[in-house]
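Sequence plus predicted model, see below.
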Amino acid sequence: MSARTALSRGYWMGAIGLTVVIAAVAVAELASGRAPFGPDGRFGWWDGDIWSSTNSQRVADAYSFSHFIHGILFYGFLWLVARRLPTSQRFVMAVAMEGAWELLENSPFIIDRYRAATIAQGYVGDSVLNSSCDILFAGLGFLFALKCSARISLAVVLAMELGCLVWVRDNLTLNVIMLVRPIEAIKTWQSQGR
């Protein structure tokens, strides 16, 4: 098999894997009662207001940066533990991990945890559209890390984390801290940005 054929085959495997993961998560979320486009039933491209009822309902929002970072982190993790696997297989594994997170994140347990421990007190979970796009953003993060050096990937992660910290007073790091071991001082500081 030529290098070009192998590369083409890898792209197709990645694209099919991404499509299957997104479709499986969407079907599971619809079956569990998640709204396709959120409570208002409207399609939208962007909502940057984390206090809005349409946050986590559109194609993209402030938390899309966190999902892009997931992809970069999954790339790094899989490079460490499974670098002998073809890139297309690692890509599918990364989007499958993101799909599993989307299912967990939109479970009643995690939604209730977000409401109780974080600033997301009115959080109703992601729309199916938003979950699907979160998986896509993680896939883009993986591909970004694949094409860039570790140094550039780290710089992008830091820039996104600091940018979101200043912009919406939340980011992946704070989200994990507040979900795992909430700190009241962080919650108070985040709430002041409202």
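Yep, it's here.

then stretch 61-68 to CSV, C-alphas only?
Coordinates of each C-alpha in stretch 61-68 appear next as CSV, following Å, rounded to 0.1, in the frame of the first residue of the first chain:
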residue,chain,number,x,y,z
ASP,A,61,-20.0,29.0,23.4
ALA,A,62,-17.3,30.0,25.8
TYR,A,63,-16.8,26.4,26.8
SER,A,64,-16.0,25.3,23.3
PHE,A,65,-12.4,26.4,24.1
SER,A,66,-12.3,23.8,26.9
HIS,A,67,-13.4,21.1,24.5
PHE,A,68,-10.7,22.1,22.0
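
ok, G14 to S132 distance?
16 Å (C-beta to C-beta, to the nearest Å). C-betas here are computed from N, CA, C, even on glycine.

Now do the contacts for the nearest residue to G41 once chain neighbours are set aside.
Once flanking residues are discounted, G41 sits nearest to A35: 7.1 Å by C-beta to C-beta, 6 or more residues apart in numbering. By C-beta atoms under 8 Å, 6 or more residues apart in numbering, A35 lies in contact with 41, 57, 127-128.

What's the ChimeraX syntax to select whichever of these are buried?
Selection of buried members from these for ChimeraX, criterion 16 or more other C-beta atoms under 10 Å:
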select :57,127,128
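
Make TSV from the contacts of A35 and add distance to I177 and pLDDT to it.
What follows is those, written out as TSV (distance: C-beta to C-beta, whole Å; pLDDT from 0 to 100):
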residue	distance to I177	pLDDT
G41	34	90
Q57	25	92
S127	26	95
V128	28	97
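
Mark which of the contacts of A35 are part of helices, please.
V128 (DSSP state H).

now, the most widely separated pair of the contacts of A35?
The most widely separated members of those, counting by C-beta to C-beta, are G41 and V128 (11.8 Å).

Format the CA atom coordinates belonging to stretch 167-180 as CSV.
C-alpha atoms of stretch 167-180 as CSV (Å, rounded to 0.1, in the frame of the first residue of the first chain):
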residue,chain,number,x,y,z
TRP,A,167,-13.3,36.8,29.8
VAL,A,168,-15.9,34.6,31.7
ARG,A,169,-14.1,33.9,34.9
ASP,A,170,-14.1,30.2,34.1
ASN,A,171,-12.0,27.7,32.2
LEU,A,172,-11.2,24.0,32.1
THR,A,173,-9.0,24.1,35.1
LEU,A,174,-11.5,25.9,37.3
ASN,A,175,-14.3,23.7,35.9
VAL,A,176,-12.5,20.6,37.0
ILE,A,177,-11.6,22.0,40.4
MET,A,178,-15.1,23.1,41.1
LEU,A,179,-16.6,19.8,39.9
VAL,A,180,-14.2,17.6,42.0
